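Participant: Mind folding the following:
(chains A, B, C and D)
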2 protein chains.
Amino acid sequence: MNVTRDIAGKETSATHGAYLTLREMILTGALPPGEKLKIEQLRGLLNTGASPVREALSLLTSDMLVERIDQRGFRAAPVGKANFEEILTLRCTLEPMALRASIANGAADWEERLVLRHHHMKKASQRDATDFEVAHKAFHMALLDNAGLPMLERYCAQLYDLNIRYRNLAAGGASYRKRSIATEHQEILDAALDHDADAATDLLISHYRRTGEYLSRQMEA
Amino acid sequence: MNVTRDIAGKETSATHGAYLTLREMILTGALPPGEKLKIEQLRGLLNTGASPVREALSLLTSDMLVERIDQRGFRAAPVGKANFEEILTLRCTLEPMALRASIANGAADWEERLVLRHHHMKKASQRDATDFEVAHKAFHMALLDNAGLPMLERYCAQLYDLNIRYRNLAAGGASYRKRSIATEHQEILDAALDHDADAATDLLISHYRRTGEYLSRQMEA
DNA sequence: CCCCTCCAAAATATCGATATTATTTGACAC
DNA sequence: GTGTCAAATAATATCGATATTTTGGAGGGG
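Facilitator: Residues are numbered from 1 along each chain as shown, chains lettered A, B, ... in the order given. Below you'll find the model as predicted:
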């Protein structure tokens, strides 16, 4: 049983392919937290050499999805309540910062991009759940990508993924209770288009905290 | 002419050694911004194989010290005014956040560690300039390391290094004008020991902004 | 019964060589 | 002169094999 995506064409380099696949496997929980990641085993799974696997794992290390213990190999990053709450805290600090900057720069083409992404997300939500995930991330990142602060955006993207990982691990399946997520997104969008930074950031934060605290309660130590 | 440190004993793995050496070379400017980093060339410099070099460069990528262009190798990360200002902005947001948390947690052993590091820094400043650099970073990191927020600390450490790089690149030598740095450090320490978070963070921010804006003025586009 | 030492098995880290891909060079036509 | 294409060159990415290190366990002492 080969988990590697043999999907449509372009796999630039073996390293990059391995990176994407392993990343996905960790985010979805196919590789559970703490799991020992043996080179040989992964080499087989991805049918590639040891070097690309090794390099991919190195890259995942800096995404904080993989832990490296020198001379002792790699393992999927552990999870914990403290870690989850740190992610939440950082997101609630960094994303509003980026969103404010985006709004402040507010160019017309950004607003268009935003509307478009939001539309795609709505469409996707009626179809496939994984399509929605992709579109959801795209929308949230679009909120931040007019800030002109690439490092900050990178941090936010990283934290977004780490958060998704917890959600995937917590929900045995697609539980992700639909709450009023659609409404919340709409409100955030509207506030952003209104250049109302205070409202937009408040909405964003409570959007995060609500799901955050719900997940947090479901975790032990 | 071999730049590799053959210094005292313990080089755990070749990869880690290469990582440390390359990192230092980029931070000091021995490998200037934008420089093409050819595997073969570095392999010779560090007298090690291609794999460790490659892996070290991958790791440096996530420290934002090296840029990777798929299928086209690595190069030392470029620099620019916008990037520098983003680093400054992020530091002025993240470090106060960490410092506040550290103070809030305020354990006795943390205060001791703080006093100690400050002492070491003062001693080091009378000796070697590179000793001082190490101690200076240790002091600043100690201010943040009681926050219990490891990811945040990691971001701060990363940004600290990126900032140091700009300082090294700007100063042809040890210019680093001594201003009243010693006083500033003392004040920050005192405020932290007083559990005066507002004062401590204000002092920290102006400590950064002062050198920051000075360097920023020295840069073109 | 627990602990320490030493050996075998397994896994990591590293090397050297090869296949692939980008870049340069130079000839040729326009 | 200038632009284009193709071969030659150079560098990257990847593989397969080897050396080193850790891990797990068996066999004695304490």
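
Participant: tell me the contacts of the residue lying closest to A:Lys81 once chain neighbours are set aside?
Facilitator: Closest residue in space to A:Lys81, ignoring its immediate chain neighbours: A:Met219 at 4.5 Å, by CB to CB, 6 or more residues apart in numbering or on different chains. From N, CA and C alone the C-beta is placed, and that goes for glycine too. A:Met219 sits next to A:80-81, A:84, A:170 when contact means CB atoms under 8 Å, 6 or more residues apart in numbering or on different chains.

Participant: in which helix or strand would I find A:Met219?
Facilitator: A:Met219 belongs to no helix or strand when assigned by DSSP states H and E.

Participant: Please settle this for me: is A:Ala142 part of a helix?
Facilitator: Yes. When DSSP: H, G, I helix; E, B strand; the rest coil is applied, A:Ala142 is found to be in a helix.

Participant: Confirm for me that it is in contact with A:His119.
Facilitator: No. In this structure A:Ala142 lies outside contact range of A:His119 using CB atoms under 8 Å: 11.4 Å.

Participant: contacting residues around the residue most central in space within chain A?
Facilitator: Nearest to the mean C-alpha position of chain A, counting by CA atoms, centre = their mean, stands A:Asp161 at 2.1 Å. Shown in contact with A:Asp161 (CB under 8 Å, 6+ apart): A:23, A:27, A:63, A:65.

Participant: how about the helices in chain A?
Facilitator: Using DSSP state H, the helices of chain A run over residues A:14-28, A:39-45, A:50-62, A:81-105, A:108-125, A:129-144, A:150-170, A:181-193, A:197-217.

Participant: closest one to DNA strand D among those helices?
Facilitator: With respect to DNA strand D, and counting by CB to the nearest atom of the strand, the nearest of the helices of chain A is helix A:14-28 at 3.0 Å.

Participant: I'd like to know which of the contacts of A:Met219 are buried.
Facilitator: A:84, A:170 (16 or more other CB atoms under 10 Å in any protein chain shown).

Participant: so which of the contacts of A:Met219 are also by DNA strand C?
Facilitator: Filtering the contacts of A:Met219 for proximity to DNA strand C by CB under 7 Å from any atom of the strand leaves nothing.

Participant: Relative to DNA strand C, which of the contacts of A:Met219 is nearest.
Facilitator: Nearest member of the contacts of A:Met219 to DNA strand C, counting by CB to the nearest atom of the strand, is A:Gly80, at 22.9 Å.

Participant: Name the residues of chain A found near DNA strand D, please.
Facilitator: A:13-15, A:48-52, A:55, A:71-72.

Participant: now the contacts of A:Asp161 as a markdown table including distance to B:Leu149 and pLDDT?
Facilitator: A markdown table is the format used below for the contacts of A:Asp161 (distance: CB to CB, whole Å; pLDDT from 0 to 100):
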| residue | distance to B:Leu149 | pLDDT |
| --- | --- | --- |
| A:Arg23 | 24 | 98 |
| A:Leu27 | 22 | 97 |
| A:Asp63 | 18 | 96 |
| A:Leu65 | 18 | 98 |
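
Participant: Among those residues, which one lies nearest to chain B?
Facilitator: Within the contacts of A:Asp161, the smallest distance to chain B is 7.3 Å, found for A:Asp63 (CB to the nearest CB).

Participant: quick one: the closest one from DNA strand D, how far?
Facilitator: 18 Å (CB to the nearest atom of the strand, to the nearest Å).

Participant: what's the burial count for the closest residue to that residue other than its chain neighbours?
Facilitator: Leaving aside its sequence neighbours, A:Asp63 sits nearest to A:Gln158 (CB to CB, 6+ apart; 5.9 Å). The local packing of A:Gln158 (other CB atoms under 10 Å in any protein chain shown) involves 20 other residues.
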